[in-house]
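Student: sequence and predicted structure, then a few things I'm wondering about:
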Amino acid sequence: MEKYIFVTGGVVSGLGKGITAASLGRLLKARGYKVTMQKFDPYLNVDPGTMSPIQHGEVFVTDDGTETDLDLGHYERFIDESLNKNSNITTGKIYEEVLAKERHGDYGGGTVQVIPHVTNTIKSKFHRDYKVDETGITIVEIGGTIGDIESQPFFEAIRQFKHEIGPENCCIIMVSLIPYLRASQELKTKPTQMAVKTLQSLGLQPDIIVCRSEKEIPQYLIDKISLFCNVTPDHVLPNLDVETVYELPLKLDEEKFAQAVGDTLHLPMLEPDLTDWKEMVRKIKEAKDVVNIALVGKYTALHDAYLSVSEALKAAGYSLDYKVVIKWIEAETIKGDVKEIFNDVDGIIVPGGFGNRGIEEMILAIKYARENKIPFLGICLGMQLSIIEYARDVLGYRDANSTEFDPATIHPVIHLMEEQNNIVNLGGTMRLGSYPCVLDTDSKTYSLYGVKEIFERHRHRYEVNNDYRKLLKDKGLTPVGFSPDNRIVEMVELPSHPFFIGTQAHPEFKSRPDRPHPLFKGFVSASIEHLKNKR
């Protein structure tokens, strides 16, 4: 029987439900269990693909091309499993399916209602895999906060589902806030008590309460929460702030988090093998040397907009015993003396994005990196802009551009992909997911990967215009990665530069904290070398 763990949030959003759920996944996997994870989001968007990164954070992309919530990035980094389209379900996706069935006549003329039609559809999305011999555990995070009007159908579906599969196969975890009032110097449990009452009003009782707090929670408050919330004291677990999120599984293991889950699900919990994870955390905490990387983006007002990029940079740094400090630069602020802005950095990265805001300023940053031999990594939009910059400054095409920014440009070195020409709907219609790329074996990129054919995840509509491919190569900016049919340029590099690589893909999505992506590791390594040379 598959076992299910539902993780909910109380009092406020942004408590770290996703990190808590992912940490539990790591702890269970370290004990030999097969683990998968899902995120159920109550918003009406079908997926986050059309949402602004400034409002919602990055859009994470899975191998099968699904645009998902950023929490799936946390899941993959913690449990080291590739997730898919079944791992992120939204209210919009549920209603889209229900309404399609209604239009098709699948409900036989019956009145379509939240119960049972919406709740049955939600239940049908809970992961099930009865083909494996070992016990499988599915961890499902419910987005938002208990009491949100949008999430009520999800909680009703969970109530029904728990009744159907039996309480011994279902564990309800609530991550709640224990606020500290500085004026009275007190931790308060009342908000958590009210959150639990709200959950109980929906027919659910938490089996475990994870208490987020910035202060140590004394035992008498643990006992109070236990008494008022009808949860045994050993299932009320403190979750304090940590130096790095990757330390959280170790801290929660000390609180016997996995054991509490095992007690609820009637599963034996063996001693975990966390040796490699502990070593990784040790390296993170002990890293003393610092390398500064400038991240020039369109959405730096919210760092979560580039969450996977920043995590990939940090992972690469820790693997080299360096702490990467990111200098967040909003592209539109690049004015005047560019040297003054980048004088204190040892590498420049330009990540993905859409629209023409800040484009010319990003091109200035790329030009500075190229001319001053500063290590550069361009991701998706970053690669496209590096080609535009090179075409303008080296090839002499002053008006070179992408048709995304200037449809009338005489030299469209970047243009719309052929299969994107007649696209009307924006959501889910880009080149999405994992695609193969064949590398030139004489390239620096190949030396980083160590294999000729690689697979990376994509999210783009525009590509390199092949009319300019040969000219770019002849003038020094060399295409070094191609689709198997040789139609699409996937990667470029500048052989005359210490490190200047652009990729059409998003390699950050496949980086792991204990196994950094080779492109990021190569980039950070080159940045460290640049730092040493300056000294």
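Tutor: Alright, I've got the coordinates. Residues are numbered from 1 along each chain as shown.

Student: which secondary element of the protein has the worst mean pLDDT?
Tutor: Across the helices and strands of the chain, mean pLDDT, DSSP states H and E gives its lowest value to helix 53-56, namely a mean of 86.

Student: the next helix or strand along the chain from it packs against which elements?
Tutor: Counting by DSSP states H and E, the next helix or strand C-terminal to helix 53-56 is strand 60-61. Packed against strand 60-61, as judged by 3 or more C-beta pairs under 8 Å, 6 or more residues apart in numbering; DSSP states H and E, are the following elements: strand 67-68, helix 71-79, strand 453-460. The way it works is simple: take the backbone N, C-alpha and C, and place the C-beta from them, glycine included.

Student: could you provide those in JSON lines, with additional columns for mean neighbour count?
Tutor: Shown next, in JSON lines, are these (neighbours: other C-beta atoms under 10 Å):
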{"stretch": "strand 67-68", "mean neighbour count": "24"}
{"stretch": "helix 71-79", "mean neighbour count": "25"}
{"stretch": "strand 453-460", "mean neighbour count": "19"}
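
Student: any chance of the ones you listed in JSON lines, with mean pLDDT too?
Tutor: As requested, the helices and strands packed on strand 60-61 are exported to JSON lines (pLDDT from 0 to 100):
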{"stretch": "strand 67-68", "mean pLDDT": "94"}
{"stretch": "helix 71-79", "mean pLDDT": "96"}
{"stretch": "strand 453-460", "mean pLDDT": "96"}
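
Student: between these, which gets nearest to Gln113?
Tutor: Among the helices and strands packed on strand 60-61, the nearest to Gln113 by C-beta to C-beta is strand 67-68 (28.4 Å).

Student: so what touches the closest one?
Tutor: Applying C-beta atoms under 8 Å, 6 or more residues apart in numbering, the contact partners of strand 67-68 are 39, 47-49, 59-62, 83, 87-88, 427-428, 432, 459.

Student: give me that answer again for 10 Å
Tutor: 39, 41, 45-51, 58-62, 75, 83-85, 87-90, 427-428, 430, 432-433, 459 (C-beta atoms under 10 Å, 6 or more residues apart in numbering).

Student: of those, buried ones?
Tutor: Among those, the ones that count as buried by 16 or more other C-beta atoms under 10 Å are 39, 41, 45-49, 51, 58-62, 75, 83-85, 87-90, 430, 432-433, 459.

Student: let's see which of the residues you listed end up in helices.
Tutor: Tyr75 (DSSP state H).

Student: what's the spacing between the lengthiest helix in the chain and its chain's center?
Tutor: When the chain is parsed with DSSP H, its longest helix is helix 518-534. Counting by C-alpha atoms, centre = their mean, to the nearest Å, helix 518-534 is centred 24 Å from the centre of its parent chain.

Student: repeat that for stretch 139-148.
Tutor: Offset of stretch 139-148 from its chain centre (C-alpha atoms, centre = their mean): 18 Å.

Student: just to revisit the earlier point, okay, the helices and strands packed on strand 60-61 in CSV with distance to His530 next?
Tutor: CSV is the format used below for those (distance: least, C-beta to C-beta, whole Å):
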stretch, distance to His530
strand 67-68, 35
helix 71-79, 27
strand 453-460, 25
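
Student: right, so of those, which gets closest to His303?
Tutor: By C-beta to C-beta (comparing all of the helices and strands packed on strand 60-61), the closest turns out to be helix 71-79, at 13.4 Å.

Student: hmm, Ser443 is touching Gly481, no?
Tutor: Yes: the pair Ser443 / Gly481 is scored as a contact, 7.8 Å apart, by C-beta atoms under 10 Å.

Student: okay, and the common contacts of these two?
Tutor: 449, 491-493, 501.

Student: looking at those residues, which are in strands?
Tutor: Among the shared contacts of Ser443 and Gly481, the residues falling in strands (DSSP state E) are 491-493, 501.

Student: going by distance to Asp253, which of those wins?
Tutor: Checking those one by one against Asp253 (C-beta to C-beta), the nearest turns out to be Ile501, at 38.7 Å.

Student: okay, and the beta partners of the spatially closest residue to that closest one that is not a sequence neighbour?
Tutor: Excluding its sequence neighbours, the residue lying closest to Ile501 (C-beta to C-beta, 6 or more residues apart in numbering) is Glu493, at 4.7 Å. Beta bridges link Glu493 to Thr478, Ile501, judged by DSSP bridges.

Student: and Glu493, how many neighbours?
Tutor: 23 (other C-beta atoms under 10 Å).

Student: residues in contact with it?
Tutor: Residues in contact with Glu493 (C-beta under 10 Å, 6+ apart) are 376, 386, 440, 443-446, 477-481, 499-503.

Student: cool, Arg461 as well?
Tutor: Going by C-beta under 10 Å, 6+ apart, Arg461 touches 354, 404, 415-417, 419-421, 423, 426, 429-431.

Student: the longest helix of the chain packs against which elements?
Tutor: Counting contacts by 3 or more C-beta pairs under 10 Å, 6 or more residues apart in numbering; DSSP states H and E, helix 518-534 packs against strand 289-297, helix 307-319, strand 322-330, strand 347-350, strand 376-379, helix 444-449, strand 453-460, strand 500-503.
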